[in-house]
Every structure is written in structure tokens, then in C-alpha cells.
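Q: sequence? don't have it. structure:
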Ligand SMILES: Cc1ncc(COP(=O)(O)O)c(C=O)c1O
């Protein structure tokens, strides 16, 4: 169902980049699919395959009322013939916002739970209770954050290697929520470059979109261990100072930046992930943190459709 042929590379040119002699290319993973674009397909593909292998007919996952993940899961699950259940944090406000309306229209059963209950989403006894209530299901954790999600994101490295001839000389930058995408990408790159020295491999920079995200470094190392990846700490870093106040916090600067960027470069960003990533990159470039000649690849990980219709 993924038409990855549509993923393209868009070079960005403006005064800031020129003044600092930095090249910036945006990798449009968001164009891969109208509903399961960005990193979503990569996180979901192996989960769906595993669910099928295990004979599951129902998928259950978790997310907030504006969850890109539930949105994509509803579409991908329906297309693959699964029933889907979305456990939603907080009340279901009627009329449903367009993310949840879309999920519902694609057959997802929406289960609202209190924030306190939602916090128990990884507890074995809570999951057992869900099985009891909703019947057998294949569980996909919030944000598609599991080993199958990490493995699926390894394929993003192969796509990059196909699209970017000078990949080894670039820094790859991406927004991080759970760190699943970054871990998968790193693992995939390590597999591609397993015979190369550090200098001839791309460096990966994650930009955390939530506040207090230092714990994500531990999570990313955990995922790398789970997939037996030889990726090393010198291959990547995580920036934790560009959260702009916290997850989904959008200040005026950020909304202005996103509008300006779309106008100048004809690339729409949403403010929660890709907007924060791009703003962080411009702040870093403007502060002279990149030496002249640096080449940055910013991954457009999608997330636009639900947010465009939910200002
Ligand atoms: C648009 C978008 N970009 C980036 C991310 C971050 O991905 P991850 O949770 O794998 O770090 C997400 C969350 O899944 C997202 O929806």
C-alpha cells in the first residue's frame, strides 16, 4: 500500500543557509502515502505483518485525541483487513475532532479512558483487563513504539541511501517523540555502513519535542539493544533544549516560523514535530553551530493531515 516512489528530496535555499554556507535538504517521507505517510508506515508495517502471522484479527493501541499514530493505524488497519481499537486519553468530545472522526470513519472503535487509567497502558493487569473486555487483539504500544516498529524504521535508511548519493557526508536530523524512529534509522544505517569507519557514516541528530526528554537517550539505547544493533553513541545525539515549553506547546514564534517556512519553501510543516525540528535546525545554523560546508538532511516525518484540519 505504500507508494514509496513518491518520497522525494527537496533542496531548500535561503539567506540564512547561504550566509552560513550550509546545505539543507528535506526528505519528504510525508509524501509516501496520503494517510500513512511519514514515519508511520515504517513503524506499522512489521506490526501488521506480525499480527497477521499470529492470526490476530484485531489491533489495539493507545493515543491522545490528536494522535497521528491512531489516525494512521485506523487507515492502515482497515486497508489490511483488521478491526482496530483505539484507547484514547481523556474524554471523547462530540462532535469528534477530525483525527478521531477519521479514525472512527475507518472503523476504529474508540475507547475513552481517564488520564489515570491511560497511565496504566503498559501494566500487564490493565492489558489483561482489556483483553477480557474487548476480546483477543494484537497490541501496538502508544506511538508504535516496540521492536517491530524499530525494525520497520530500519528501512528508512535504505530509502535514504537510494535517494542521497552523498549520504555518508550528511547529518540526518529528525524529530523525536518516543525515539523509535531514530533507533530504527540508526540501526538501519549501521547495517548499511557496517564496514565503514565513523568518519564515513552519516551522523543522526534527534530533536526531542517534549520537555525533560533526557530519558529518551536511555530508551533509544534500549531499542538498539533489543534489535542487536551495533550502533554506537558517537553515531547520534539527542537535543533536548528545543521543546519550546513542552509537547504540543506552540508559541507565536513557532507558528510564525511554520507559516514563513511554508511560504518560502512550499513545504508544509506541523508545529508539534517537524515544525519544532526545523526551527531547531535554523536556530542552530543561525548560532553558527554548523561549520561551513555542512550538509543537513531533515526528515519530514509527516503528521500534517490530522493537524491541518485541527488548528
Ligand atoms: C509527525 C511525526 N514526526 C515524528 C514523530 C516522532 O517519532 P518517534 O515517536 O518514533 O520518535 C512522530 C510520532 O510518532 C510523528 O507523528
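A: All right, it came through fine. It should be emphasised that the depicted structure is a prediction, and the values quoted were computed from it without experimental measurement. Residues are numbered from 1 along each chain as shown.
Q: residues near residue 77, how many?
A: Neighbour count for residue 77, taken as other CB atoms under 10 Å: 30. To be clear about C-beta, it is placed using only N, CA and C from the backbone, and glycine gets the same treatment.
Q: can you check residue 19 too?
A: 12.
Q: Could you do residue 156 as well?
A: 27.
Q: Rounded mean pLDDT for the helix or strand harbouring it, please.
A: Following DSSP states H and E, one finds residue 156 within helix 147-163. Computed over helix 147-163, the mean pLDDT rounds to 97.
Q: Now do it: distance to the chain's middle.
A: Centre-to-centre, helix 147-163 and its host chain are 12 Å apart (CA atoms, centre = their mean, to the nearest Å).
Q: can you pull the buried residues of it?
A: The neighbour-count criterion (16 or more other CB atoms under 10 Å) identifies 147-157, 159-161, 163 as the buried residues of helix 147-163.
Q: was I right about residue 204 contacting residue 167?
A: No. Using CB atoms under 8 Å, residue 204 is not in contact with residue 167; the gap is 11.3 Å.
Q: Those two: which is more packed in?
A: Counted by other CB under 10 Å, residue 204 and residue 167 do not tie: residue 204 has more neighbours, with 24 against 19.
Q: Name the helix or strand for that one, please.
A: Using DSSP H and E, the element containing residue 204 is strand 203-208.
Q: do residue 50 as well
A: Judged by DSSP H and E, residue 50 forms part of helix 40-53.
Q: Quick check: which helices or strands does that helix pack against?
A: In terms of contacts (3 or more CB pairs under 8 Å, 6 or more residues apart in numbering; DSSP states H and E), helix 40-53 is packed against strand 58-63, helix 68-79, strand 138-140, helix 147-163, helix 180-192.
Q: Can the first one be said to contact the ligand?
A: No. Contact of strand 58-63 with the ligand (CB under 6 Å from any ligand atom) is absent, the minimum separation being 9.5 Å.
Q: which residues sit against stretch 226-236?
A: 147, 150-151, 154, 182-184, 186-187, 189-191, 194, 198, 201, 203-206, 220-221, 224 (CB atoms under 8 Å, 6 or more residues apart in numbering).
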